[in-house]
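Could you look at this predicted model? Sequence included:
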Amino acid sequence: MHPATEKLVSLLKEKSFAVEACDYAQRGYHLEIDLEADRLRELAQCLLAEEMYLVFVGGLHVAPAIEVVYQFASYDRACRLVVRVAADGDNKVPTISDIYHGANWHERETRDFFGVDFVGHPNLIPLILAEEDVDLKPLLKADDDLKESAALRWVTVEEQPETEEKADKD
């Protein structure tokens with residue numbers, strides 16, 4: 001791990017963020033954080049101070065709640081970070097658009113497709129969908145089709161249940 005990335009991990013752990021190192025070759029990122037929504041802004045401010053930039057904001061419709069996924073990276077070191085935040089029962093997550101200005105459009109798009117309300121966003125109007133389609137949430141799944149969030153997490157081949165391994169061989 002790059003020394004600056006090790007410094008970032010230490011700083012995040014000091015602030016009680018649960019940072020997990022990941023295999024970049026397998027996942028495409030170096031670090032992962034599952035986060036409560038009320039700590040999102042604190043993390044975003046910390047990452048900005050460490051010169052991390054925002055790559056992506058999107059949603060994932062899983063049980064029990066929609067997850068908002070953020071990706072951050074750095075220009076000066078090999079470090080990509082994925083942050084997952086579960087929206088509350090009303091599909092609300094605080095905005096980071098005042099911290100990372102590029103989040104403005106990402107958050108508006110995520111609202112269009114998943115119905116997530118980014119609390120405090122200054123201009124949360126539809127970005128992609130027409131205004132008359134404001135209630136249409138095209139990426140929400142039927143309740144029968146929802147998978148548990150944990151079931152969609154990365155696992156190594158050794159961690160897969162035997163039945164899945166046998167099905168893959170057939």
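Everything's here; your move.

which residues touch the one residue sitting closest to the centre of the chain?
The chain has residue 69 as the residue nearest its centroid, 1.4 Å off, counting by CA atoms, centre = their mean. By CB atoms under 8 Å, 6 or more residues apart in numbering, residue 69 lies in contact with 56-60, 82-85. The way it works is simple: take the backbone N, C-alpha and C, and place the C-beta from them, glycine included.

got it, and residue 119?
So residue 119 contacts 92-95 (CB under 8 Å, 6+ apart).

one step back: who does the residue nearest to the centre of the chain bridge with?
Bridge pairing for residue 69 (DSSP bridges) gives the partners residue 58, residue 84.

and if you look at residue 52?
Counting by DSSP bridges, residue 52 is bridged to residue 74.

so it makes contact with residue 80?
No: here residue 52 lies out of contact with residue 80, judged by CB atoms under 8 Å, at a distance of 9.4 Å.

Which neighbours do the two have in common?
When contacts are counted by CB under 8 Å, 6+ apart, residue 52 and residue 80 are jointly contacted by 72-73.

Good, we can wrap up now.
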